[in-house]
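Asker: Prediction below, plus the sequence it came from.
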Amino acid sequence: MSQKNQTLGEFIIENQAEFKYSSGELSRLINSIRLAAKVVNHEVNKAGLVDIIGAAGDVNAQGEDQQKLDVYANNKFIQTMTKRNIVCGIASEEEDDFISINSQDEQNQNKYVVLIDPLDGSSNIDVNVSVGTIFSIYRRITPVGTPVTIEDFLQKGDEQVGAGYIIYGTSTMLVYTTGHGVNGFTLNPAIGTFYLSHPEMHFPETGTIYSVNEGNYIHFPQGVKDYIKYCQQEEGDRPYTSRYIGSLVSDFHRNMIKGGIYMYPQSSKYPQGKLRLLYECNPMAFLAEQANGAASDGFGRVMEIEPKELHQRVPLFCGSSKMVQMVENFMSSSV
């Protein structure tokens, strides 16, 4: 039984027998993400003191302006996982295409690919608001020892073997799952060690917080508009509280602890939704379900969506299970 204040390294060793394909490789992968997170955390925490904030002058694969810290975080996570030779492929929200690791090395026996959003909510950096990193881990489906292909990355969320996020806030936390519940680890900056601080994290079955950018209300489908009005009505434990940070990691983290729902629906501006299925929605859906929550595209489970491309966008409703179910009811009744 894991105990609070256990180090992340101790926790990984103690629980690695639970991994479906226990060979130590997945444990080393989680450890490499931990290492990169500490490096990125250091830069985030001194962002106002060095020339690391603001736009980098480039755009990412989705045509969005890249922040300097986006580029920095992307490079650090890719470098860390590449140099430690523990993955066979990486896909990043900041890259046009996936990266094949040691593709010419026939001795490369690595089994896992990682998909990552290196710095979620990076537009908040300039105003000192919490940001995060999101990661998703899959076991490759092409033969070990051969170069990875697009099929290794275009797997349904149900096939994930691990997922998590790092939140860089008032304290820095690494929260992850390998399919056996969700646990959170807080960084002690004095010694650079993550300690188990939030064991067996769970969404309350329902909550009183809804998180959505209401500035886009006019562009939302009718079902979402109806649900927002429902949240605002005075009845029972309603009206609910509106809380929206603009960083998926931060909003998700708060709602998991306090109970609530995060919504980024499709809209007339983004008919397919705005969040990325592979880098944001699938890992958060895996975490939500492992924490007794739910994640939907408004009509069904996010993790059952068949990916068609690396940077595919989908709507996302995730959080407390009863709140997600209520959104689905409103969506289906408005069709």
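Answerer: Cool, the structure landed. Residues are numbered from 1 along each chain as shown.
Asker: what about Ile125, neighbour count?
Answerer: By other CB atoms under 10 Å, 24 other residues sit near Ile125. For glycine as for every other residue, the C-beta is placed from the backbone atoms N, C-alpha and C.
Asker: And it, what's its pLDDT?
Answerer: At Ile125, the predicted lDDT confidence score is 73.
Asker: Any chance of the backbone angles for it?
Answerer: Backbone torsions of Ile125, given as degrees, to the nearest 10, read phi -60, psi -40.
Asker: what do you get for Gly300?
Answerer: Note on Gly300: its backbone torsions stand at phi -170, psi 180 [degrees, to the nearest 10].
Asker: tally of neighbours for it?
Answerer: Applying the criterion other CB under 10 Å, we find 10 residues in the vicinity of Gly300.
Asker: Quickly note the distance from it to Leu310.
Answerer: Spatial separation of Gly300 from Leu310 under the definition CB to CB, to the nearest Å is 22 Å.
Asker: which secondary structure elements does the host helix or strand of Arg254 contact?
Answerer: Remark: Arg254 resides in helix 248-258, with elements defined by DSSP states H and E. Using 3 or more CB pairs under 8 Å, 6 or more residues apart in numbering; DSSP states H and E as the contact definition, the elements that helix 248-258 packs against are strand 131-139, strand 160-168, strand 209-211, strand 260-264, helix 282-290, strand 316-320.
Asker: next SSE after the last one?
Answerer: Counting by DSSP H and E, the next helix or strand C-terminal to strand 316-320 is helix 321-334.
Asker: Can you pull out the residues in contact with that following helix?
Answerer: Residues from elsewhere that reach helix 321-334, judged by CB atoms under 8 Å, 6 or more residues apart in numbering: 203, 205-207, 210, 221-224, 226-227, 230, 260-261, 263, 292-296, 298-299, 317-318.
Asker: go on, stretch 187-206?
Answerer: Defining contact as CB under 8 Å, 6+ apart, one finds that stretch 187-206 is touched by 2-8, 11, 34, 37-38, 41, 171-175, 181-186, 255-259, 288, 291-293, 319-323.
Asker: Give me the distance between the two termini of that stretch.
Answerer: Looking at stretch 187-206, the gap from its leading to its trailing residue is 29 Å under the measure CA to CA, to the nearest Å.
Asker: Tell me the buried residues in it?
Answerer: Burial within stretch 187-206, assessed by neighbour count using 16 or more other CB atoms under 10 Å, is assigned to Leu187, Phe194, Tyr195, Leu196, Ser197, His198, Pro199, Met201, Phe203, Pro204, Thr206.
Asker: And what about the last one, helix, strand or coil?
Answerer: Pointing back at Thr206 there. In terms of secondary structure, Thr206 is coil; the call rests on DSSP: H, G, I helix; E, B strand; the rest coil.
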